[in-house]
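J.: The sequence isn't on hand, but the structure is:
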């Protein structure tokens, strides 16, 4: 494992952290993965109040194996549930109970979307609350995760004595949300920067177009697309921890190998990314990471899966996309969940951290897949299965 120093606290943090939003469904697999991570040197674990059952699972495993003291725990305050000052304490106490701990090493305000939202938190008394928790030792480091514009990010960074932050950042778009400019602005103030979505919800690992994969392979056949994605981030001194939402022991072990053998990129390797990005942008039309924050849809539309099928129809081929779409929408069942069911309520868009125009994008999905020919095919399959 390679480590990077948090210059504010002096903590040595593993350059590879475990993002705990997508644990395996199998409890034994989850337990083994977490223990393998710790054995491999991973010491930064990132969860959140709203990640389904994540805090409780992580807390149980760490307590069971007496590993709490071996890791730095990061979790997040769900700002959408904070309507008064008292909510801060109420939610925080629930998190401590779930995690079976009496302090949090790295505590974040979750999914801050702009400067106005930060100002609203200030009006509720968040600064007073943070000061009290830090004085009691219940919060060691305070930070925020971010999904908004770069300009607002820089304003928020300058407005408070933050001790770390978490941004979405990967090679597919250096200027998205906080982006490279935000990364450098935070690092210039000595603020550790943690990275989420390093592989764009897995798209940069298993969803690259064939042309992009061949570009990487032409340069180095031994490295996977996932490793190339991580290396691009680790090559930047401003990056402190790269979170990977690993959901299997095999993925964990592969990622441990990647960080163990990481070395700085050569000029030739850096140049490869420009070519790969060009191919990637040709194929990916909807920048969805599959975080599922848009769900549940009142009409049962599996929004991220629909977008994944749409992208696959360009990055792989149309038939592959149609097959994915059939599964995503139950298109061959008696009650399919087609994007045509969308009532334009907009609930999904209000919750999307990527600021995707979901309603418009669902129309694009419908237009591509709900053609007279595919509808006839879906009908034929339904008749065959009945």
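T.: Looks like it arrived, so ask away. The structure displayed is predicted, hence computed values, not measured ones.

J.: what about the helices in the stretch 101-250 of the chain?
T.: Per DSSP state H, counting those that start in this stretch, the stretch 101-250 of the chain has helices spanning 115-124, 126-136, 150-159, 179-188, 203-206, 210-219, 225-234, 249-260. These are given in chain order.

J.: list the buried ones in the fourth one?
T.: Along helix 179-188, the positions that meet the burial threshold by neighbour count (16 or more other CB atoms under 10 Å) are 179, 182, 183, 185, 186, 187. From N, CA and C alone the C-beta is placed, and that goes for glycine too.

J.: just the shortest one next, same as before
T.: Taking 16+ other CB under 10 Å as the basis for neighbour counts, the residues of helix 203-206 that come out buried are 203, 204, 205.

J.: how many other residues sit next to the residue nearest to the second one when sequence neighbours are not counted?
T.: The spatially closest residue to residue 204, leaving aside those adjacent along the chain, is residue 229, at 4.4 Å (CB to CB, 6 or more residues apart in numbering). Each residue near residue 229 was counted by other CB atoms under 10 Å, and the total is 26.

J.: And for residue 88?
T.: The local packing count at residue 88 equals 22, with neighbours defined by other CB under 10 Å.

J.: returning to that earlier point: residue 328: which of the buried residues of helix 179-188 is nearest?
T.: Top of the list for closeness to residue 328, among those and by CB to CB, is residue 179 at 30.3 Å.

J.: What residues does that closest one make contact with?
T.: With contact set as CB atoms under 8 Å, 6 or more residues apart in numbering, residue 179 has these partners: 150, 169, 173.

J.: So which of those residues is surrounded by the most neighbours?
T.: Most neighbours among the contacts of residue 179, by other CB under 10 Å: residue 169, with 27 neighbours.

J.: Okay, and residue 268 sits in which element?
T.: helix 267-283 (DSSP states H and E).

J.: relative to helix 225-234, how tilted is that helix?
T.: 120 degrees (axes from the mean of the first three to the mean of the last three CA atoms, to 10 degrees).

J.: So which residues make contact with the helix or strand following helix 267-283?
T.: Along the chain past helix 267-283, the next helix or strand (assigned with DSSP H and E) turns out to be helix 303-315. Outside helix 303-315, the residues that touch it by CB under 8 Å, 6+ apart are 203, 207-209, 282-286, 288, 290-292, 294-295, 297, 320-322, 324-325, 327-329, 339, 348, 356, 358, 361-362, 364-365, 368-369.

J.: Next: stretch 245-256.
T.: The set of residues that contact stretch 245-256 without belonging to it, under CB under 8 Å, 6+ apart, is 1, 16, 18-24, 29, 32-33, 36-37, 40-42, 224, 226-227, 230, 244.

J.: returning to that earlier point: what's the least confident stretch among the helices of the stretch 101-250 of the chain?
T.: Ranked by mean pLDDT, the helices of the stretch 101-250 of the chain bottom out at helix 203-206, which scores a mean of 88.

J.: Return the distance of that one from the chain's centre.
T.: For helix 203-206, the distance between its averaged C-alpha position and the chain's averaged C-alpha position is 13 Å (CA atoms, centre = their mean, to the nearest Å).

J.: Kindly report the same for stretch 193-212.
T.: Centroid separation for stretch 193-212 versus its chain: 10 Å, with CA atoms, centre = their mean.

J.: Buried ones in it, by neighbour count?
T.: Using 16+ other CB under 10 Å, the residues of stretch 193-212 that count as buried are 193-205, 207-209, 212.

J.: Repeat that for stretch 336-353.
T.: Neighbour-count burial for stretch 336-353 flags 336, 337, 338, 339, 342, 348, 349, 352, 353 (criterion: 16+ other CB under 10 Å).

J.: Do me a favour and get the end-to-end distance for that stretch?
T.: According to CA to CA, to the nearest Å, stretch 336-353 extends 27 Å from its N-terminal end residue to its C-terminal end residue.

J.: Stretch 138-151 too?
T.: Across its full length, stretch 138-151 reaches 31 Å end to end, with CA to CA as the criterion.

J.: and if you look at stretch 120-139?
T.: Distance between the two ends of stretch 120-139: 21 Å, counting by CA to CA.

J.: May I see the buried residues of it?
T.: Neighbour-count burial for stretch 120-139 flags 121, 124, 126, 129, 130, 133, 138, 139 (criterion: 16+ other CB under 10 Å).

J.: Please verify my assumption that the first one contacts residue 109.
T.: Okay, so that is residue 121. Yes. The pair residue 121 / residue 109 is scored as a contact, 6.5 Å apart, by CB atoms under 8 Å.

J.: what sits in contact with each of these two?
T.: Counting by CB under 8 Å, 6+ apart, the common neighbours of residue 121 and residue 109 are residue 79.

J.: OK, contacts around the residue minimising distance to the centre of the chain?
T.: For the chain, the residue sitting closest to the mean C-alpha position, by CA atoms, centre = their mean, is residue 197 at 3.9 Å. Applying CB under 8 Å, 6+ apart, one finds that residue 197 lies in contact with 168, 169, 170, 289, 291.

J.: That'll do, ta.
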